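*Asks:* For reference, the sequence and a predicted model appear below.
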Amino acid sequence: MGKAARDVSARERIKAEREKERKQQRHRRLLTLLVAGVVAVAVVAGGWWYVQSGRSELATGQLAPITIQSDGSVVMARPGVQKPLIEVYEDFQCPACKAFEQVSSPTLKNLAAEGQAKVVYHPITIFSDEPTRGNSLRAASAARCVPDGKQWMAYHDRLFAGQPSETTPGFKVDDLVKWGEEAGVTAPGFASCVTTQKNAKAQADYSKKVLDSGVITQGTPTLRLDGKEVDNNVAFSPPALRQAVLDAAKPAGNR
C-alpha cells in the first residue's frame, strides 16, 4: 500500500473513531437527561416512590411550640430542645417542596412534638423568572403577616395545598387573605398586610441572604441536620428521616 493510500486510510479511521465518540457522547447526554427527567417527574408528581417505600407518618395533631423569628424563619421545638437541629429550606412555589410536605412533614411535626428535635423553617424565594418569582414572593410575604406560631403552621400547610402551576400567575392576594381566614388567622392587620405586600422586600432580602450563604447546593427543598445536608433519599423517606434524627441525638461513639 502506497503512502497516499495509507494516509487516506488513517484519516478515514480517525474520522470513524471521532464519529463513534460523538455518538457515544450524545447517547450519554440523552441518558443523563432521561434519568433527570424521570427523577423530577417522580418527585413533582407527589413523591410517589417515596410514599410507596417510605410510609408517611400520621401527624398526632399535637404541635411543639412554634415561634416566629424576626428574620422570617420559624422555630418549632419543645422548651429546652436545641439538638438535633433540622433546618428546612423551602419555597411555597416549589413543586418538590410540596411533595416533601405531603410525605415527610408529619415526621418533622411528630419529632418536634416528642422533644426529639428542634425544627427551623426557612421559607425563601428561589425563582428569578415570572410568574414563579412573583407567586413565591406573594405567598411568603403573606406568611410573614401571621404573628401566631400555630396559625402560621396552619397557613403554611394551606399555602402548599393551594400551590399554583409554575406556568401561571397564582397565590393571588384575595386567595391569600381567604386562606388565612380558613387557617384560623385572627391578627387584625393580616388582610391589609397581605394585600399591600408589606413584607415583600424583607422576604426578597432574606432569600438573597440565604442563597448567598451557600447553604443550598441542590435547590429546594433542602434539609440540613446539625449543619449537614440530608440526602433526598433520606429526606423523602419518613422512616429513614426519623432514624437519621434519632441517630444524630446519640453520642458519637454510639452511632
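*Replies:* Great, that's in hand.

*Asks:* can you give me the strands in the stretch 151-255 of the chain?
*Replies:* 222-225, 228-229 (DSSP state E, counting those that start in this stretch).

*Asks:* The longest one pairs with which strands, parallel or anti?
*Replies:* Think strand 222-225. Strand 222-225 pairs in its sheet with strand 85-90 (antiparallel), strand 228-229 (antiparallel), by DSSP bridges.

*Asks:* Take those strands and lay them out in CSV including mean pLDDT, mean neighbour count and distance to residue 103.
*Replies:* Glycine gets a C-beta too; all of them are placed from N, C-alpha and C. Formatted as CSV, the strands paired with strand 222-225 follow (pLDDT from 0 to 100; neighbours: other Cβ atoms under 10 Å; distance: least, Cβ to Cβ, whole Å):
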stretch, mean pLDDT, mean neighbour count, distance to residue 103
strand 85-90, 98, 23, 13
strand 228-229, 96, 13, 18
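
*Asks:* Serialize those strands to TSV and add fields for distance to residue 221.
*Replies:* Formatted as TSV, these follow (distance: least, Cβ to Cβ, whole Å):
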stretch	distance to residue 221
strand 85-90	5
strand 228-229	11
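
*Asks:* out of these, nearest to residue 66?
*Replies:* Closest to residue 66 of the strands paired with strand 222-225 is strand 85-90 (Cβ to Cβ; 12.9 Å).

*Asks:* what sits up against that closest one?
*Replies:* 97, 100-101, 108, 111, 117-124, 210, 215-216, 220-227, 245 (Cβ atoms under 8 Å, 6 or more residues apart in numbering).

*Asks:* CA atoms only: put that strand into CSV for me.
*Replies:* C-alpha atoms of strand 85-90 as CSV (Å, rounded to 0.1, in the frame of the first residue of the first chain):
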residue,chain,number,x,y,z
LEU,A,85,-31.4,20.7,64.7
ILE,A,86,-33.3,20.2,61.5
GLU,A,87,-33.4,23.2,59.1
VAL,A,88,-35.9,23.2,56.3
TYR,A,89,-35.3,25.5,53.3
GLU,A,90,-38.4,25.6,51.1
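
*Asks:* All further residue positions should be reported with the first residue as 48.
*Replies:* Let's use 48 as the start, then, which means that last one is strand 132-137.

*Asks:* Contact partners for the nearest residue to residue 163 once chain neighbours are set aside?
*Replies:* Spatial nearest neighbour of residue 163, excluding adjacent residues (Cβ to Cβ, 6 or more residues apart in numbering): residue 292 at 6.2 Å. With contact set as Cβ under 8 Å, 6+ apart, residue 292 has these partners: 131, 133, 158, 163, 164, 272.

*Asks:* which of those residues sit farthest apart?
*Replies:* The farthest-apart pair in the contacts of residue 292, when distances are taken by Cβ to Cβ, is 163 and 272, at 12.1 Å.

*Asks:* which residues do those two both contact?
*Replies:* 131, 292.

*Asks:* which residue is nearest the centroid of this structure?
*Replies:* In the chain, the C-alpha nearest the mean C-alpha coordinate belongs to residue 268, at 1.6 Å (Cα atoms, centre = their mean).

*Asks:* Quick check: the gap between that one and residue 118.
*Replies:* 19 Å (Cβ to Cβ, to the nearest Å).

*Asks:* and what of residue 210?
*Replies:* Taken as Cβ to Cβ, the span from residue 210 to residue 118 is 24 Å.

*Asks:* shouldn't residue 224 be in contact with residue 239?
*Replies:* No: with contact defined as Cβ atoms under 8 Å, residue 224 does not reach residue 239; the gap is 9.3 Å.

*Asks:* quick one: which of these two has more around it?
*Replies:* residue 224 (18 against 12; other Cβ atoms under 10 Å).

*Asks:* gap between the two ends of stretch 256-264?
*Replies:* With Cα to Cα, to the nearest Å as the measure, stretch 256-264 spans 14 Å from end to end.
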